[in-house]
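Asker: From the sequence below, what's the structure:
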Amino acid sequence: MDRRKLIQHAGMAGVLAAGAAPAIHAQPVLRWRLVSSFPRSLNTIYGVAEVFAQAVRVMSNGKFQISVHADGELVPAFGVVDAVQSAAVEAAHTAPYYFYGKSPAFALGSAIPFGFNARQMNAWMLHGNGRKLMDAFYAGYNMRSFAGGNTGTQMGGWFLQEVRSPSDFKGLKMRLGGGLVGDVLARLGVVPSNLPGGDIYQALQKRELDAAEWVGPYDDQKLGLHKVAPYYYYPGWWEGGPEMDFYINLKAFNALSADYRGIVEAAAALAHTDMLAKYDALNPAALKQLVVAKTKVSPFSQGIMDAAFKASMEVFAGNDARSPEWKKIYGDMRNFQRDQILWFRFAEARYDSFMSAQKI
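Answerer: Okay, the predicted model is just below:
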């Protein structure tokens, strides 16, 4: 990736950062470490951190270098927030909802059941109150956030047995991506587990799990989940548009020059855009290959969707009662979402519904 090409992709923020090159040349090399919650084998969700680091290096003419460390190399997948908060490392790339156990409000920075799709999440974060509210919350953990990719709506996961009704979830041991959806599905009788992505295949193979969700066709195929569980359900109603985030230690970020802060912002924007585009480009072929491999792809029934929605609303009401941070951010999110749903119903939803029935 050469500097001119990267600036074209990064947009105005990148141009501004690149315009500061003479000042950057005079600075010594700055080195940061970034820890990821994802395995190196996934060039999508892990790879976005490398896109970010490369962009920072190119725009700074090699004067600002960030080394990227996969799950377990420096810290475990679910230890990255503690590492950034304590300044053991300068940055992390992760899914905010992994840290629901620290505070329910973390999930609102990523995805909640029956929440935003990817475009709506971007709108709330960039032109609503989303980023402002989340960063005010993250400040309590000594962190600043930047959008670090979005998967788009995910699949609902892999099951050893068919699930036709809410009663089929009773007693299921299921890997889920965060504590919030675990709270919701526990109301349907699920026994939730929150394993890192690299451990899912083995747990299904050994029948330590009855079901597991990860992301979608491309990543799921890379993990080989179709080899150990034949039933693949959709949609992942708990992840309509989950944002990944770059977390940066506040002291480390504030110590950056204005030039470097601009570079970090531009590099994050580039990486964020690249991730969703990559998933949208790669998932269709992977889904076809999974079907050829005899995967049974099915939608969740209306009964399951209705029961999940009801359980979600009950959990959200409980979070309102126990977490002032959740209540403040959740209320703003839902107010924004109501108008988004209205707009998408008139445009995107109708268009997509029509096109899905056409032969082209």
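
Asker: correct me, but residue 107 touches residue 95?
Answerer: No: look at residue 107 against residue 95 with Cβ atoms under 8 Å: they stay out of range, at 9.4 Å. From N, CA and C alone the C-beta is placed, and that goes for glycine too.

Asker: What's the per-residue pLDDT of residue 3 here?
Answerer: Residue-level confidence at residue 3 comes out at 44, pLDDT.

Asker: what does residue 50 give?
Answerer: Residue 50 carries a pLDDT score of 98 in this model.

Asker: before we move on, what about residue 198?
Answerer: pLDDT, residue 198: 87.

Asker: Grab the nearest non-local neighbour of residue 268.
Answerer: Using Cβ to Cβ, 6 or more residues apart in numbering and skipping the chain neighbours, the partner closest in space to residue 268 is residue 146 (3.8 Å).

Asker: which residues does the one you found bridge with?
Answerer: residue 246 (DSSP bridges).

Asker: In this structure it contacts residue 245, no?
Answerer: Yes: if you go by Cβ under 8 Å, residue 146 and residue 245 touch, sitting 6.7 Å apart.

Asker: Comparing those two, which residue is more hemmed in?
Answerer: Of the pair residue 146 and residue 245, residue 245 is the one with more neighbours under other Cβ atoms under 10 Å, namely 25 against 22.

Asker: which residues touch the more buried one?
Answerer: Going by Cβ atoms under 8 Å, 6 or more residues apart in numbering, residue 245 touches 93, 94, 95, 96, 109, 110, 145, 146, 147, 148.

Asker: Would you reformat the residues you listed as TSV and include pLDDT and distance to residue 35?
Answerer: Formatted as TSV, the contacts of residue 245 follow (pLDDT from 0 to 100; distance: Cβ to Cβ, whole Å):
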residue	pLDDT	distance to residue 35
93	98	8
94	98	8
95	97	13
96	98	15
109	98	18
110	98	17
145	98	15
146	98	15
147	98	18
148	98	13
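
Asker: which of those residues sit farthest apart?
Answerer: 95 and 146 (14.1 Å; Cβ to Cβ).

Asker: From residue 297, how far out is the closest residue to residue 157 other than its chain neighbours?
Answerer: Nearest residue to residue 157 in three dimensions, chain neighbours excluded: residue 213, at 3.2 Å (Cβ to Cβ, 6+ apart). Distance from residue 213 to residue 297, counting by Cβ to Cβ, to the nearest Å: 14 Å.

Asker: between residue 107 and residue 95, what contacts are shared?
Answerer: Counting by Cβ under 8 Å, 6+ apart, the residues touching both residue 107 and residue 95 are residue 178.

Asker: In terms of neighbours, single out the busier of the two.
Answerer: With neighbours defined as other Cβ under 10 Å, residue 107 and residue 95 compare such that residue 107 has more, 29 against 25.

Asker: Torsion angles phi and psi at that one?
Answerer: Dihedral pair for residue 107: phi -60, psi -30, per degrees, to the nearest 10.

Asker: Could you report the pLDDT at it?
Answerer: You'll see residue 107 listed with a pLDDT of 98.

Asker: Now for it: which residues touch it?
Answerer: Applying Cβ under 8 Å, 6+ apart, the residues contacting residue 107 are 96, 97, 100, 178, 179, 180.

Asker: and the two most separated of those?
Answerer: Using Cβ to Cβ, those reach their maximum pairwise distance at 96 and 179, which is 11.6 Å.

Asker: Now do stretch 227-239: distance from first to last residue.
Answerer: Using Cα to Cα, to the nearest Å, the end-to-end distance of stretch 227-239 comes to 24 Å.

Asker: Just the buried residues of it, please?
Answerer: Neighbour-count burial for stretch 227-239, counted by 16 or more other Cβ atoms under 10 Å, picks out 228, 229, 231, 232, 233, 234, 236, 237, 238, 239.

Asker: could you show me where the strands are in this structure, in order?
Answerer: Secondary structure of the chain (DSSP state E): strands at 30-36, 64-69, 91-94, 143-150, 157-159, 173-175, 191-193, 211-212, 231-234, 243-249, 296-299.

Asker: what's the angle from the first one to strand 64-69?
Answerer: What it means is strand 30-36. On the basis of axes from the mean of the first three to the mean of the last three Cα atoms, to 10 degrees, strand 30-36 is oriented at 30 degrees to strand 64-69.

Asker: what packs against strand 30-36?
Answerer: helix 47-59, strand 64-69, helix 80-85, strand 91-94 (3 or more Cβ pairs under 8 Å, 6 or more residues apart in numbering; DSSP states H and E).

Asker: repeat for the second one
Answerer: Counting contacts by 3+ Cβ pairs under 8 Å, 6+ apart, strand 64-69 packs against strand 30-36, helix 47-59.

Asker: which stretch among these comes nearest residue 322?
Answerer: strand 30-36 (29.7 Å).

Asker: The closest one pairs with which strands, parallel or anti?
Answerer: According to DSSP bridges, strand 30-36 forms sheet pairs with strand 64-69 (parallel), strand 91-94 (parallel).
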